[in-house]
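Novice: A predicted structure for the sequence below; I have some questions about it.
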Amino acid sequence: MGRTKALLPVGGTTLIEAVIARLREACPEILIVTNTPELYRHLGVRMVPDALPGRQSLVGIYTGILHTGGPAFVCACDMPFLHADVARLVVERAGSGDVVIPRVGAQLETLHAAYRKSCLGAIEARLVAGRLKIVGFFDEVRVVEIAESEVARYRDPAIVFMNVNTPEELARAREIAARLA
């Protein structure tokens, strides 16, 4: 994208501001894992750097779990249509498994899931081995899935889990934001 995705404008706010606003409705604690805290100071949210070198998502998940008091609801900063009720659904079920995660078709929404501290050992072993695929440790922990139909009660899962990685996706997100407004 050529610039920090989290700060891209969509629907009258930045991507990260939209995510933070929805998280405030659903989560008791918000933490940003970032190696560039100066970009996010204005958000008034606690920040920590990656616990290990690298910027892979699995490192971010690991860091988030390390720095939270309970299960960590993890989401990406580029999800403009994160829905507070869907986040709340995941958070409310966080005690039922080591990972609580929505499934849409064949896709597990790894960056919209709750992870317990019991995942740390399995994640750390993967990181040390250089095996960075998030679902790679799932066979070592208890995973509880949330069905697509449960997410759909609140909003179309294709919108809830949309993330912005390309200029085309950014344009689509802006169109959707205008329609939802």
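Specialist: Alright, I've got the coordinates.
Novice: now the strands for this structure?
Specialist: Secondary structure of the chain (DSSP state E): strands at 9-10, 13-14, 31-33, 46-48, 72-75, 99-104, 107-108, 112-115, 143-146.
Novice: so which elements touch the fifth one?
Specialist: If you count contacts as 3 or more CB pairs under 8 Å, 6 or more residues apart in numbering; DSSP states H and E, strand 72-75 packs onto helix 15-26, helix 57-66, helix 84-92, strand 112-115. Using the backbone N, CA and C atoms, a C-beta is placed for each residue, glycine as well.
Novice: before we move on, the earlier item: tell me the most buried of the strands of the chain?
Specialist: Using mean count of other CB atoms under 10 Å, the stretch among the strands of the chain with the largest mean neighbour count is strand 112-115, at a mean of 26.
Novice: what pLDDT, on average, does it get?
Specialist: Computed over strand 112-115, the mean pLDDT rounds to 97.
Novice: then stretch 52-66?
Specialist: Stretch 52-66 comes out with an average pLDDT of 89.
Novice: buried ones in that stretch?
Specialist: If you call a residue buried by 16 or more other CB atoms under 10 Å, then stretch 52-66 has these buried ones: 56-66.
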